[in-house]
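In: Only the shape, not the letters, is given here:
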């Protein structure tokens, strides 16, 4: 059977659009290219600016990730000027980051990824009473009632009957790859709607600590919030009580809805524990303490590198082993197209050599994407929740090991299953359990220090540029929801001379490097020719794997056949 070319464009809505080009034969994918088709250029915007302002601009890279870019930015500047921050500020940053991870993981599962597994139309034939019994068998969540599921069913049925499907329009409903019974579909659909309200409420933590969401406020040297229990305008007793409630609310939903739903759904798709296997190298930089001396050890998450599919042997992370290549990307390096540059030497010189739009194919030439190809020791690596959990597992972190082993036992899989479509999705839910518990610990530490009189959230010693060296360079790392994020800065005479961001999607959606290594998206789809594609007109299996990396797909996915004609338009609800 001859090879068929398929184009899915676009898939992602953050940090540009993602286009996937495929070759498939006899129901299997044989080759893949990840093509990012929008130029970012934030690094150019930051040159010449005050480093203390960089966080406010850098976090505008993404309206979904929001504060994680700000945290990486302030850490980079603090590293460059040798500024330590108060322990309380680090704990507050951890709480802000932790809630962002919980919100992101839950929203990703229900609102961006679940409909790859859940057939909304099938839910219309479910029995609400049976659905309630199913949900009650999984968790004590109080809203798991027949009344609620009947209301959900009626609302969705009315939308289908009136032809006003809204967020559920243009799905692949009825695709043979859907396997959930109607009651499981209705249960997940009800929790989908509940998650919309939940995420809006719990993110108030950002407003309390950082003034707003999206794009919360940060500060080089600490946090821009004061602690005074007797002042109505600061972090006081009332706000601390509200924060405790928000953290408890977040944990309840993760424990009683998100994780049980994930396990229930995963049980119907066990083969995806071996589909979508990606790069055998995984990297986590750890969290936190990069900019805080004296932080309690309990706030630290492990760092390390796993190489060549050996998930037991942990290697230390060395940031000097990172290099970015542009052999497949629309950039130019004066030093040569085949040479990789460390981020401190990195350049963002756009050099588009692709066809003028509208185009039907990008992968027919060496350069096909706006994403550079970061490599660690010359290897393509995955970053993300599965990397973090595998690193923690290799380090023998007790709670992680217990939860991973318990989950693998229920799935009937080995540790290698974490590197798969299902594994990446499951790791987000499992990590949410861990982060919710850590947030309670961070809150308790924050409160304990307040009670002992420690209310400092800002260190002013290095605020004025006169206290900085004339030349300095720094790096800020953070573990964002989607994986390791780093910002690299060079400062000269109080201004930014060079700025580079290496974001999770840069690692995971990178193209080929000079050695021909596929990026993780490409590897997950094309390696070994094992990835299924039952119906090229409805590539549900492809979306499952790409979404498992959490690239935040766009609201419309357009397919083209090899001749460039429109095959089908997909509304990615």
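Out: Perfect, thanks for sending it. In this text the structure is predicted, and so the values were computed from the model without any measurement.

In: where's the closest residue to residue 145 other than its chain neighbours, which helix or strand?
Out: Closest residue to residue 145 apart from its sequence neighbours, by Cβ to Cβ, 6 or more residues apart in numbering: residue 132 at 5.5 Å. Heads up, the C-betas are built off the backbone N, CA and C, glycines and all. Assignment of secondary structure by DSSP states H and E places residue 132 within helix 128-138.

In: can you pull the buried residues of that helix?
Out: The neighbour-count criterion (16 or more other Cβ atoms under 10 Å) identifies 128, 130, 131, 132, 134, 135, 138 as the buried residues of helix 128-138.

In: swap in stretch 337-349?
Out: Burial within stretch 337-349, assessed by neighbour count using 16+ other Cβ under 10 Å, is assigned to 337, 340, 341, 343, 344, 345, 346, 348.

In: Next, format these as CSV and append pLDDT and distance to residue 111.
Out: Supplementary listing: the buried residues of stretch 337-349 in CSV, determined by pLDDT from 0 to 100; distance: Cβ to Cβ, whole Å:
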residue, pLDDT, distance to residue 111
337, 86, 40
340, 96, 37
341, 95, 37
343, 92, 32
344, 88, 37
345, 90, 39
346, 86, 34
348, 80, 32
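
In: Residue 423 touches residue 273, doesn't it?
Out: Yes - shown here, residue 423 and residue 273 form a contact pair, counting by Cβ atoms under 8 Å, at 6.3 Å.

In: what do those two both touch?
Out: Applying Cβ atoms under 8 Å, 6 or more residues apart in numbering, one finds that residue 423 and residue 273 are jointly contacted by 413, 417.

In: Compare the two (neighbour count), which wins?
Out: Neighbours were counted for residue 423 and for residue 273 using other Cβ atoms under 10 Å; residue 423 has more, 30 against 23.

In: would you list every one of the helices in the stretch 251-400 of the chain?
Out: Counting by DSSP state H, counting those that start in this stretch, the stretch 251-400 of the chain forms helices over residues 259-266, 385-394, 398-411, given from the N-terminal end onward.

In: winner for burial among those?
Out: Mean neighbour count, computed with mean count of other Cβ atoms under 10 Å, is highest for helix 385-394 among the helices of the stretch 251-400 of the chain, reaching a mean of 26.

In: helices and strands around it, which ones?
Out: Using 3 or more Cβ pairs under 8 Å, 6 or more residues apart in numbering; DSSP states H and E as the contact test, the elements touching helix 385-394 are strand 282-284, strand 304-306, helix 398-411, helix 421-451, strand 483-492.

In: for the record, mean pLDDT for that helix?
Out: The predicted model gives helix 385-394 an average pLDDT of 96.

In: Contacts for that helix next, please.
Out: Contact with helix 385-394 is made by 105, 282-284, 301-306, 311-314, 381, 400-401, 404, 415, 418-419, 423-424, 427-428, 430-431, 479, 481, 483-484, as judged by Cβ under 8 Å, 6+ apart.

In: same check, this time on stretch 326-342
Out: Contacts of stretch 326-342 from elsewhere in the structure, counted by Cβ under 8 Å, 6+ apart, are 39, 320, 322-325, 347-354, 366-373, 375, 378, 510-514.

In: Endpoints of that stretch, how far apart?
Out: Looking at stretch 326-342, the gap from its leading to its trailing residue is 12 Å under the measure Cα to Cα, to the nearest Å.

In: Let me see the contact set for the one residue sitting closest to the centre of the chain.
Out: Nearest to the mean C-alpha position of the chain, by Cα atoms, centre = their mean, lies residue 482 at 2.0 Å. Contacts for residue 482 were tallied using Cβ under 8 Å, 6+ apart; they are 65, 104, 383, 384, 503, 504, 505, 508, 549, 550, 551.
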